[in-house]
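# Here is my input; please provide its structure:
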Amino acid sequence: MASMASMRSLKDDWLLDCYTDAVQLQLDPKFIRLLLNEIHRRLDDPVFRRTWFVLSGK
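All right, here's what the predicted structure looks like:
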């Protein structure tokens, strides 16, 4: 899927900012789901995981 390949090239901080903005702006749920899928894919990286948990409040 081309969209997922594009998501993989996003820098971590930009991905998290995009996700936060997309949720706040109530953008297309499919787009939000793509962002969230990429976030979940990156959770294997401990630095990314720590940042995500801080931002998500978990």
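# Can you list the buried residues in the helix or strand hosting residue 20?
With the criterion set as DSSP states H and E, the secondary-structure element containing residue 20 is helix 12-24. Residues of helix 12-24 classed as buried: 15-16, 18-19, 22 (neighbour count, 16 or more other Cβ atoms under 10 Å). Heads up, the C-betas are built off the backbone N, CA and C, glycines and all.
# Residue 46: which of those residues is nearest?
Using Cβ to Cβ, residue 16 comes nearest to residue 46 of the buried residues of helix 12-24, at 15.3 Å.
# Now that closest one. Nearest residue, chain neighbours left out?
Across the structure, with Cβ to Cβ, 6 or more residues apart in numbering as the measure, the residue nearest residue 16 apart from its sequence neighbours is residue 55 (5.8 Å).
# thinking again about what came up before, contacts for the very next helix or strand once past the helix holding residue 20?
Sequence-wise, the next helix or strand beyond helix 12-24 is helix 29-42, with elements assigned using DSSP H and E. Contacts of helix 29-42 from elsewhere in the structure, counted by Cβ atoms under 8 Å, 6 or more residues apart in numbering, are 3-4, 7-8, 10, 12, 15-16, 18-19, 22-23, 48-49, 52.
# looking just at contacts, which helices and strands does the helix holding residue 20 meet?
Packed against helix 12-24, as judged by 3 or more Cβ pairs under 8 Å, 6 or more residues apart in numbering; DSSP states H and E, are the following elements: helix 29-42, helix 46-56.
# Report the rounded mean pLDDT for it.
Per-residue pLDDT values over helix 12-24 give a mean of 93.
# Return the angle between stretch directions for it and helix 46-56.
In this structure, helix 12-24 runs at an angle of 30 degrees to helix 46-56, with axes from the mean of the first three to the mean of the last three Cα atoms, to 10 degrees as the basis.
# Helix 12-24 vs helix 29-42, what angle?
Between the axes of helix 12-24 and helix 29-42, defined by the same axes, to 10 degrees, the angle is 150 degrees.
# With just CA atoms, put helix 12-24 into CSV.
Once non-C-alpha atoms are left out, helix 12-24 reads as follows in CSV (Å, rounded to 0.1, in the frame of the first residue of the first chain):
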residue,chain,number,x,y,z
ASP,A,12,8.7,10.4,14.5
ASP,A,13,7.8,13.9,15.9
TRP,A,14,6.0,14.8,12.7
LEU,A,15,4.0,11.6,12.8
LEU,A,16,2.9,12.3,16.4
ASP,A,17,2.1,15.9,15.6
CYS,A,18,0.1,14.8,12.6
TYR,A,19,-1.9,12.3,14.6
THR,A,20,-2.6,14.8,17.4
ASP,A,21,-3.8,17.4,14.9
ALA,A,22,-5.9,15.0,12.9
VAL,A,23,-7.7,13.9,16.0
GLN,A,24,-8.3,17.4,17.2
